[in-house]
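Trainee: only the shape, not the letters, is given here:
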């Protein structure tokens with residue numbers, strides 16, 4: 001319980017600092033954009049590389065990860081189906097599907113894993129799945145749908161993931177881990193230092209974006225936001241609970257681990273993706289904010305019921 005509240009308190013303070021920076025204009029008119037570009041092109045790739053380079057890739061074969069993959073695919077599929085039926089557009093639907101299923105496994109998942117689950121490594125399966133599986137696919141779709149990718153030759157379109165800095169950082173980290181290569185300290189230490197800027201930059205940029213923005217559900221994204229938040233805050237953890245307990249027979253700590261990670265809110269870096277591709281920014285901002293607020297009582301209930 002304390003871990004849940006502590007994790008959210010840390011995020012709220014940094015977002016609040018970003019909001020104050022935006023109100024006072026200390027970073028100028030381009031402050032949010034600069035922080036977003038810094039996170040997307042420099043800090044986040046470095047963070048993902050250093051995180052995955054030392055990860056144990058054997059966790060991808062665990063039943064916990066299979067539960068996460070199935071629940072993620074299910075809720076994202078529901079949003080995609082509705083988005084196609086309502087003609088929300090490829091880019092907007094992709095952002096909404098991410099907000100419905102992509103959990104905050106990094107800056108919120110890690111402290112909650114430490115304080116609630118007792119082991120930070122328990123969030124690794126979700127982190128790996130999202131970074132290696134979901135992120136490259138989603139960013140490739142965004143790149144092709146918003147950057148004129150359909151007009152490029154087929155060989156260039158197939159290499160789209162290698163043009164994206166976040167996907168490239170993730171894949172490079174997996175390659176290092178999979179081959180067992182040792183990255184020297186003089187190389188890894190600067191990357192670690194740069195990567196440490198990622199989470200603060202994302203949260204500060206998110207806080208700045210709240211200045212002058214309309215209240216959630218007041219703008220034109222009401223329908224997509226409500227659907228994304230309902231899927232993320234309620235449907236995904238419930239589905240993960242059903243799959244873990246009813247299909248895979250998980251009990252005790254294993255069941256708590258799966259449900260807690262599935263109940264985490266939408267990740268703040270989704271707003272970075274939306275801002276970088278200039279699509280679904282309001283949808284991402286409102287869905288992240290509302291799912292973060294709603295996940296507090298959900299995580300408290302899960303921790304009390306299964307802990």
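Mentor: The structure has been received and is ready for your questions. Values in this document were obtained by computation on a predicted structure and should not be read as measured data.
Trainee: which helix or strand in this protein has the lowest average pLDDT?
Mentor: helix 154-158 (a mean of 58; mean pLDDT, DSSP states H and E).
Trainee: so after that one, what's the next helix or strand?
Mentor: Sequence-wise, the next helix or strand downstream of helix 154-158 (DSSP states H and E) is helix 165-179.
Trainee: which residues in the stretch 101-250 of the chain form strands?
Mentor: Counting by DSSP state E, counting those that start in this stretch, the stretch 101-250 of the chain has no strands to list.
Trainee: what count of nearby residues applies to residue 242?
Mentor: The local packing of residue 242 (other C-beta atoms under 10 Å) involves 13 other residues. Where C-beta positions appear, they are placed from N, C-alpha and C, glycine not excepted.
Trainee: per-residue pLDDT, it?
Mentor: Per-residue confidence (pLDDT) for residue 242: 96.
Trainee: cool, the one 4 residues further on as well?
Mentor: At residue 246 the predicted local confidence, pLDDT, stands at 94.
Trainee: and it, how many neighbours?
Mentor: Residue 246 is flanked by 9 other residues according to other C-beta under 10 Å.
Trainee: state the mean pLDDT of the helix or strand where residue 67 lies.
Mentor: Using DSSP H and E, residue 67 sits in helix 63-86. Helix 63-86 carries an average pLDDT of 94.
Trainee: now do the buried residues in it.
Mentor: Using 16 or more other C-beta atoms under 10 Å as the test for burial, helix 63-86 gives 63-72, 74-76, 78-80, 82-83.
Trainee: now for that helix, which elements pack on it?
Mentor: For helix 63-86, the elements it packs on are helix 90-101, helix 124-128, helix 222-230, helix 236-242, helix 252-262, judged by 3 or more C-beta pairs under 8 Å, 6 or more residues apart in numbering; DSSP states H and E.
Trainee: and the gap between the closest residue to residue 261 other than its chain neighbours and residue 36?
Mentor: Distance criterion C-beta to C-beta, 6 or more residues apart in numbering; nearest residue to residue 261, sequence neighbours excluded, is residue 126 at 4.9 Å. For residue 126, the distance to residue 36 (C-beta to C-beta, to the nearest Å) stands at 24 Å.
Trainee: could you give the angle of the helix holding residue 67 to helix 252-262?
Mentor: Orientation note: helix 63-86 sits at an angle of 30 degrees relative to helix 252-262 (axes from the mean of the first three to the mean of the last three C-alpha atoms, to 10 degrees).
Trainee: okay, the angle between helix 63-86 and helix 222-230?
Mentor: 170 degrees.
Trainee: residue 126 and residue 36: which is more packed in?
Mentor: residue 126 (29 against 25).
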